[in-house]
Structures are given as structure tokens and as C-alpha cells.
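Enquirer: Next input, structure requested:
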Amino acid sequence: MTNNANVAAGQQKLRSKKGHERRVNGTIYTVLTVMSIVWLIPFVFLVLQSFRSYKLEKGGMVDYLLPKHFSLDNYAFLFEGSNFFSWLGKALIVALVAAAVAAALIHVCAKLLDRGEDSRGRRIALIGGSLLVGFVALVAMTMAMQGFTLAGSWKNLVISLLLYALAGWIMARVYLKQDSKLLRTIPGYMVEDRHQGIKKFCAMFAEFGALALIIQCILAPMTMSQYVRWYGNTLTIALFTAVIQTAIVLSVSYSLSRLRFKGRKLIMNVVLILGLFPGFLTMITLYFLLKQLGLTQAGAVPGLILIYCASSGMGYYISKGFFDTIPKSLDESARIDGATRFQVFLKIIMPLAKPIVIYTILMAFMAPWGDYVFASYVAFGHQDGYNVAVGLYNWVNTNDFQNYFTRFCAGGVLVAVPITALFLALQKYYVEGVTGGAVKG
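Expert: The predicted structure follows:
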């Protein structure tokens, strides 16, 4: 009887404990749900108001949520005076065809190199000839589709050719695996599969397509409205900052994680102390330095890129913590096989550090994308140098607020699209990068 009573008491205690956990969890979920709804309400209001026609419904802030007349008037206004959609449609056609031609030529080039003697001169001739044919095809299609003419465009043509040659040569060498002798000595690093050729061709296709779009922006730029120009400025700043800042942060993080040199601790401590001071303290000094270099107002875009990238190496903390979790035995094995420090970093550590690379890119992209203070300070009244945040603020601040409010909402929705898409696509890696970098270091 005593044993049965003890068992019954234990079961009752267990049921009571489970019931308590359910109540606690239910309360937590309810609170989080309410907080999420409260957090989403402003964004839902912004989206709905962006579809309220400024032609049919006058007024800025209104006391109703759903528009009385759903319309795309506000979005049409953002692109008014721009040939964005027609230019983009033609650009995509040119980019897809040019990318297919270039990728196919490089693929054929790889097959020819595999069959014949892989001499340096032969490799240069095949790759160089393939890239030249691809570039000529790209220019010819751009002339036919976008109305591009050679008259007075030689400077842009030379810049595009150099860009195409440099990027294409790098992609071709990676594709042809001309530098893979070291990789073959690392067990398990290169994994061959039957779909590798298709994967490489698709990767080349995507890379050449993106390159073709960039070159078309140089050769045959679109006619831009005010909003499209601001959006283009913001996108240019964010992309350049993401690439440059990621390269700097990862290089500094790897150096401080793997190398041991005199003054290493001092550098880390000094950077930590300097990081305690906000960057706004240097705004006046930065403005006058940039002004002397001609990087304010009309030159605000390169000036802002310089500002965002200048001290990016100080944000090495999370990346260094992630690199600390990667075993140093991998570095030592590769060094024994003859790899340099750069080869270890690029070909061994980087593939293993995908989460922290994506996290660093996201953080570097987000900072300039939503910045207002530095952007407004450097552009200083020059509208062509504004980013989206400064331009939209000026719409509702200096123009008629009542009429521009719904157009401001439409512009804000388009600004949120890239960040939202990036987070939804890369959320897994973002969380892994944060948690991995916070474990050690």
C-alpha cells in the first residue's frame, strides 16, 4: 500500500509539474505573440497606406486602416520619368544570352584544355579568346537592345572591357581548377560528384549574368527618376561596403585568431577601448576631410563608402570568436602540404566559415542601407547624392506632408524588400554566425 501511495504521489507531482510547464510556456507564447503583433502593426499600416491613392484620397495620416481606393499610384509615382522597367527587361535578356554564351565558351575551353597539353600560352589563348568573344557578343546585344552607340563611349567601353576581363579571368581560372594541385593533397576537401559539371556551369552562368548587368549599367545607364537615383545610390553604397568591409573584417579576424605577433594584445585592447566611443564624435572632422578630397555633396556616394569601410576592422570580435572554434590542426596540415597563409585562409577556412561570412555580409549591408545621419551630413542638400532614407525624409519634411505621405509609405515598402528577402533566405546562417562567434574568443 505504501509503494502504491508513493507511486500515485509521484505521478501526481509529475502531472502537476507538466501542467505548470504548460501554463508557463503558454504565457510566454501569448506574450511573444502579442509583442509580435504590436511590432508588425506599423509595418502593416505602412504597406496598406502605400496602396491608398494620393489622387483619389487626399490627406496624410488618416483614422482608418484599409484604403477606400486601392491603387498603385504611389508606386507609379516613384518610377515616374524613368525607363526602369523597359531597361530592366532588355538588360535581363541581354544578360541571360551573354551569360549563356560566355559560360558555354569557358566550358568548351575547359574540355579543350583537358584533352591537350596544358601550356600557359595555350591556356591564355583559349581563355582570352573565349572572354573576348563573350564581351563582343555582350556589347553587340547591348547596342541592339538598349540603343547603345560607340560614339563618345570609348571610356566606358574600356572600363567595361577591363572589368569583364579581370572578373572573367578569375572565374575561368576557378572553373578550370588551374590552382587545384594543392587541394588534391588535402584529403576529403575536393568532393567529386557526377553533377559537378552542371553545378559549375550554372555557377558560371549566374556570375557572368551578374557581370553583364553591371556592365550594362556602365554602357547604357537607365533614365532615372529621383527615387530610382536615391535607391541606386543606396544600393551602390551598400554593395561596395558589404564587399570591402567583409574582406577587411574577415582578414583582421583571421590574423588575430591564428597569428601570434608582438603587440597583438595591445592592438586588441586599443581597438576595444576605441570602440567604446561612438562614431558620431568624428562627424565634423570627417566632413572637412571628405570636403578637401571632393567627396561630399556630388561625391557623397564614394565618400560614404569610404566612411563605412574606414574603421570596419574594429568590428572583428564575433568573426574572431568563430575562427577560434575552427581547429588549428587544419591550418597546420595544409601548411605541411605547402600551402601559404593566404591559401589556408581562402581555400580551407573560408568554406568552413560560411555562417560567419554571411553574417558579416549582412551586417555590412544593413548599416549603410538604413543610415540617415552620416548620409544626410555628407550629401548636405545635394539631392543627387542622397540615399533613400534622406530622400524620403525630405519628401515629408520639406514638401507637402499631406500629399507625400502615401508616396513616402510606398518608398519605405520598397526599401524594406531587400533586407526582408535577405533575412528570410539567410536566417539559418545568420543565427549560426551569431551563436558560433559568441562561443569562444
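
Enquirer: My guess is residue 61 contacts residue 408. True?
Expert: No - under the criterion of C-beta atoms under 8 Å, residue 61 makes no contact with residue 408, lying 11.0 Å away. Glycine gets a C-beta too; all of them are placed from N, C-alpha and C.

Enquirer: Can you tell me the SS state at residue 243?
Expert: Under DSSP: H, G, I helix; E, B strand; the rest coil, the three-state class of residue 243 is helix.

Enquirer: What is the neighbour count of it?
Expert: By other C-beta atoms under 10 Å, 14 other residues sit near residue 243.

Enquirer: Can you name the next helix or strand after the longest helix along the chain?
Expert: Identified as the longest helix of the chain according to DSSP state H is helix 2-50. Downstream of helix 2-50, the first helix or strand assigned by DSSP states H and E is helix 73-78.

Enquirer: just how off-centre is that following helix within its chain?
Expert: Centroid separation for helix 73-78 versus its chain: 26 Å, with C-alpha atoms, centre = their mean, to the nearest Å.

Enquirer: do the same with stretch 102-110
Expert: Here the centre of mass of C-alpha atoms in stretch 102-110, compared against the chain's by C-alpha atoms, centre = their mean, lies 28 Å away.

Enquirer: how about that stretch: buried residues?
Expert: Within stretch 102-110, the residues scored as buried using 16 or more other C-beta atoms under 10 Å are 102-103, 105-107, 109-110.

Enquirer: cool, stretch 290-302 as well?
Expert: 290, 295-297, 299-301.

Enquirer: And for stretch 322-342?
Expert: By 16+ other C-beta under 10 Å, the buried positions in stretch 322-342 come out as 322-324, 326, 331, 333-334, 339.

Enquirer: Using PDB, list the CA coordinates for it.
Expert: What follows is stretch 322-342, C-alpha atoms only, in PDB (Å, rounded to 0.1, in the frame of the first residue of the first chain):
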ATOM      1  CA  PHE A 322      34.100  32.000 -34.800                       C
ATOM      2  CA  PHE A 323      37.600  31.400 -36.200                       C
ATOM      3  CA  ASP A 324      38.700  30.400 -32.700                       C
ATOM      4  CA  THR A 325      36.300  27.500 -32.800                       C
ATOM      5  CA  ILE A 326      37.900  26.000 -36.000                       C
ATOM      6  CA  PRO A 327      40.600  23.500 -35.100                       C
ATOM      7  CA  LYS A 328      44.100  24.900 -35.800                       C
ATOM      8  CA  SER A 329      45.200  21.400 -36.900                       C
ATOM      9  CA  LEU A 330      43.600  22.100 -40.300                       C
ATOM     10  CA  ASP A 331      45.900  25.100 -40.800                       C
ATOM     11  CA  GLU A 332      48.900  23.000 -39.700                       C
ATOM     12  CA  SER A 333      48.000  20.100 -42.100                       C
ATOM     13  CA  ALA A 334      47.700  22.500 -45.000                       C
ATOM     14  CA  ARG A 335      50.900  24.300 -44.100                       C
ATOM     15  CA  ILE A 336      52.800  21.000 -44.100                       C
ATOM     16  CA  ASP A 337      51.400  20.300 -47.600                       C
ATOM     17  CA  GLY A 338      52.900  23.600 -48.800                       C
ATOM     18  CA  ALA A 339      50.000  26.000 -48.600                       C
ATOM     19  CA  THR A 340      50.600  29.600 -47.800                       C
ATOM     20  CA  ARG A 341      48.700  31.500 -45.100                       C
ATOM     21  CA  PHE A 342      46.500  33.100 -47.800                       C
END
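
Enquirer: from the chain's centre, how far out does that stretch sit?
Expert: Put simply, stretch 322-342 sits 28 Å off its chain's centre (C-alpha atoms, centre = their mean).

Enquirer: Stretch 24-42 too?
Expert: 30 Å.

Enquirer: What helices and strands are in contact with the strand or helix carrying residue 291?
Expert: If you go by DSSP H and E, residue 291 is part of helix 283-292. Counting contacts by 3 or more C-beta pairs under 8 Å, 6 or more residues apart in numbering; DSSP states H and E, helix 283-292 is packed against helix 300-310, helix 373-379.

Enquirer: Dump the ones you listed into JSON lines; add mean pLDDT and distance to residue 91 as well.
Expert: Below are the helices and strands packed on helix 283-292 laid out as JSON lines (pLDDT from 0 to 100; distance: least, C-beta to C-beta, whole Å):
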{"stretch": "helix 300-310", "mean pLDDT": "89", "distance to residue 91": "21"}
{"stretch": "helix 373-379", "mean pLDDT": "86", "distance to residue 91": "27"}
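
Enquirer: right, and those - which one's nearest residue 276?
Expert: Proximity to residue 276 (C-beta to C-beta) singles out helix 300-310 among these, at 17.8 Å.

Enquirer: Which positions in the closest one come out as buried?
Expert: Buried, per 16+ other C-beta under 10 Å, within helix 300-310: 300-301, 303-309.

Enquirer: By mean pLDDT, point me to the weakest helix or strand of the chain.
Expert: helix 181-184 (a mean of 40; mean pLDDT, DSSP states H and E).

Enquirer: any idea which helix or strand comes after that helix?
Expert: The helix or strand immediately downstream of helix 181-184 is helix 196-219, counting by DSSP H and E.

Enquirer: Give the buried residues for that next one.
Expert: Counting neighbours by 16+ other C-beta under 10 Å, one finds that the buried residues in helix 196-219 are 200-201, 204-205, 207-209, 211-216, 219.

Enquirer: So what touches that helix?
Expert: For helix 196-219, the external contacting residues (C-beta atoms under 8 Å, 6 or more residues apart in numbering) are 91-92, 94-96, 98-100, 102-103, 106-107, 134, 138-139, 142, 146, 148, 153, 156-157, 159-160, 163-164, 167-168, 171, 175.

Enquirer: wait, which of the buried residues of helix 196-219 is closest to residue 420?
Expert: Taking C-beta to C-beta as the measure, residue 420 lies nearest residue 213 of these, at 21.8 Å.

Enquirer: rewinding a little: got a ChimeraX select line for the buried ones in the contacts of helix 196-219?
Expert: Only the buried entries of the contacts of helix 196-219 go into this ChimeraX selection, using 16+ other C-beta under 10 Å:
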select :91,94,95,98,99,100,102,103,106,107,134,138,139,142,146,148,153,157,160,164,167,168,171,175
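
Enquirer: Which ones among the contacts of helix 196-219 map onto strands?
Expert: Using DSSP state E, no member of the contacts of helix 196-219 falls within strands.

Enquirer: The contacts of helix 196-219 in helices, which ones?
Expert: The helices, defined by DSSP H, take in 91-92, 94-96, 98-100, 102-103, 106-107, 134, 138-139, 142, 146, 156-157, 159-160, 163-164, 167-168, 171, 175 from these.

Enquirer: And residue 153, how far from residue 266?
Expert: Per C-beta to C-beta, to the nearest Å, residue 153 is found 52 Å from residue 266.

Enquirer: Thank you kindly, that will do.
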